[in-house]
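Visitor: Have a look; sequence and predicted model below, questions after that.
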Amino acid sequence: MNRTTPGLSRRGFLQITGATGLAAAVTACGAGGSSSGGSTGKLTVLCESGGHAELTKIAAAFKKQTGHGVTFVELPYDGLYNRLNSELSAGSVSFDLAALDAIWLPTFANALQPLDDLFTSAVRADLFPSLVDGARIKGKYVGMPAWTNTEILFYRRDLFENAAEKAAFQKKYGYELAPPKTWQQFQDTASFFTRGTKLYGTDVKGAVETEWLAHVLQAGSPGVVLDDSGKVIIDNAQHVAALKFYSDLNNRLKVSPPGAAQMDWAGAQNLFNQGKTAMMRFWAHAYPLIPKDSPVHGKVGVAPMIEGSAGIGAIPGPYYLSIPNAGKNNDLAKQFIKFAYDNNKLAIDSSLGLAARKSAYTAYAGKPGYEHFKALLTTLDGPATKSRPASPKWQQIVDTVLVPTIQKSLTAGADYAALLAKARQEVERLVQ
């Protein structure tokens, strides 16, 4: 799977840690050797390092209850995709189940076991709608959500709760300073806290597509880039409005640091943790990872993602447990998937601290250290939150069209509508 996007790869942000004053991207090499999928006594699971962390306690509990051990074959992101692609294409697999990025399900759906019987009404009710939709490819459920994430709003409480700042904001804008909820409030607040090169109101990430697409959904688009029927809609009014809102933060309002076109997840997290930005739209799991030596440690608040005319909207980042058709332990693998769903709360006690079920997050929300869960729940349940399109071409669309388009938009005088009209032509060539 080729990567042209600068900075972190599609899922590299899951490796970001808060171990030092600067955010670091950690790539896990893992054990990439072959493992036998034919054993009836234990299961072999292909996963990325984040998946290993999320599933470790679940696997231990599964062995204790059933006597069946679980062996993890841990690979870096691209290596995991390549291994899946090679073995599923050949119809000969060395694993019993795998933790798949949501964007891979459309590519591998025909080689995966249907899990429809696991998606009871009770199961669907305890999963976020976007996760249920993402699991269903061509009318069949081919993966069970194991964990999910989404962007929420991070803000500097030391600034937002400062009496002098509150008075100055009230005087300038005529309403109370608080974590912004709407696009206009976000612009106002980012403008207010921009103080030359010492402090910027927020960041704009040109090297990733997810944030702009969240705003597309907030604007009321029926989908991002493609609608549910596969029609290209990247140049509709909502995409144009969202690109204008997003890029204007850099181009017109100048509330973001220089170099927006190359800004990625790690860069944005670094700036916030260094105290250089007042607000950051970022993946929720990063809240407890703010380094202790950061000048903002203990001074950060979180709120749901901002909303547009369609309400709160975001792009979730789930992983799914799936079983290959060619597997030799499919019954036991399905038993593990059901066990993982039933015990999903165990995943929260991990380095990423993420789950998939509403009830798992709710059980921790409000507890010390889990203040971000309320914002995460609200955002994942937002009326405009929606999964990426179920297209096998999605990553190619991201790398060759979306990111370059965003980067071109981050220049003075950029014609947003014209950029998206050209992007439409490029996406149509890819999906036809």
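Guide: Nice, thanks for sending it over. Computed from a predicted model, the values in this text were never measured in an experiment. Numbers count the residues shown, from 1 in each chain.

Visitor: Could you use CA atoms for every contact and neighbour count after this?
Guide: OK.

Visitor: How many residues are close by the closest residue in space to Pro145 that isn't next to it in sequence?
Guide: Closest residue to Pro145 apart from its sequence neighbours, by CA to CA, 6 or more residues apart in numbering: Tyr320 at 4.3 Å. Neighbour count for Tyr320, taken as other CA atoms under 10 Å: 25.

Visitor: mind checking which helix or strand Tyr320 is in?
Guide: Element membership for Tyr320 (DSSP states H and E) is strand 319-322.

Visitor: which ones are touching Ile406?
Guide: Shown in contact with Ile406 (CA atoms under 8 Å, 6 or more residues apart in numbering): 206-207, 209, 243, 247, 261.

Visitor: Swap in 6 Å and give it another go.
Guide: By CA atoms under 6 Å, 6 or more residues apart in numbering, Ile406 lies in contact with Gly206.

Visitor: same question, Glu209
Guide: Glu209 neighbours (CA under 6 Å, 6+ apart): Val403.

Visitor: Skip ahead from the helix or strand bottoming out on mean pLDDT in the chain and say which helix or strand is next.
Guide: Least confident helix or strand of the chain, by mean pLDDT, DSSP states H and E, is strand 24-25 with a mean of 28. Once the chain leaves strand 24-25, the next helix or strand it forms, by DSSP H and E, is strand 42-47.

Visitor: What is the burial count for Phe336?
Guide: Counted with other CA under 10 Å, Phe336 comes out at 22.

Visitor: Need the pLDDT of it.
Guide: On pLDDT, Phe336 comes in at 98.

Visitor: Which of the helices or strands spans it?
Guide: Assigned by DSSP H and E, Phe336 falls in helix 330-342.

Visitor: Please state the offset of the helix or strand following that helix from the chain centre?
Guide: Going down the chain from helix 330-342, the next helix or strand is helix 358-364, by DSSP H and E. Per CA atoms, centre = their mean, to the nearest Å, the displacement of helix 358-364 from the mean C-alpha position of its chain is 19 Å.

Visitor: got it, and stretch 264-278?
Guide: For stretch 264-278, the distance to the chain centre is 17 Å (CA atoms, centre = their mean).

Visitor: can you offset everything so residue one is 537?
Guide: Sure thing, new numbering starts at 537, so read that last one as stretch 800-814.

Visitor: Who are the contact partners of the residue positioned nearest the centre of the chain?
Guide: Central residue of the chain (CA atoms, centre = their mean): Gly853, 3.2 Å from the mean position. Contacts of Gly853 were listed using CA under 6 Å, 6+ apart, and they are 684-686.

Visitor: mind exporting stretch 635-653 as PDB, just the C-alpha atoms?
Guide: Output of stretch 635-653 as PDB, limited to C-alpha atoms (Å, rounded to 0.1, in the frame of the first residue of the first chain):
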ATOM      1  CA  ALA A 635      -7.800  -6.700  13.600                       C
ATOM      2  CA  LEU A 636      -8.600  -4.700  10.500                       C
ATOM      3  CA  ASP A 637      -8.700  -1.000   9.900                       C
ATOM      4  CA  ALA A 638     -12.200   0.000   8.900                       C
ATOM      5  CA  ILE A 639     -11.000   1.200   5.500                       C
ATOM      6  CA  TRP A 640      -9.800  -2.300   4.600                       C
ATOM      7  CA  LEU A 641     -13.100  -4.000   5.100                       C
ATOM      8  CA  PRO A 642     -14.400  -3.100   1.600                       C
ATOM      9  CA  THR A 643     -11.200  -4.500   0.000                       C
ATOM     10  CA  PHE A 644     -11.200  -7.800   1.800                       C
ATOM     11  CA  ALA A 645     -15.000  -8.300   2.400                       C
ATOM     12  CA  ASN A 646     -15.300 -11.200  -0.100                       C
ATOM     13  CA  ALA A 647     -12.600 -13.200   1.800                       C
ATOM     14  CA  LEU A 648     -14.100 -12.700   5.200                       C
ATOM     15  CA  GLN A 649     -16.700 -14.800   7.100                       C
ATOM     16  CA  PRO A 650     -20.100 -13.100   7.600                       C
ATOM     17  CA  LEU A 651     -20.800 -12.400  11.300                       C
ATOM     18  CA  ASP A 652     -24.500 -11.500  10.900                       C
ATOM     19  CA  ASP A 653     -25.700 -13.800  13.700                       C
END
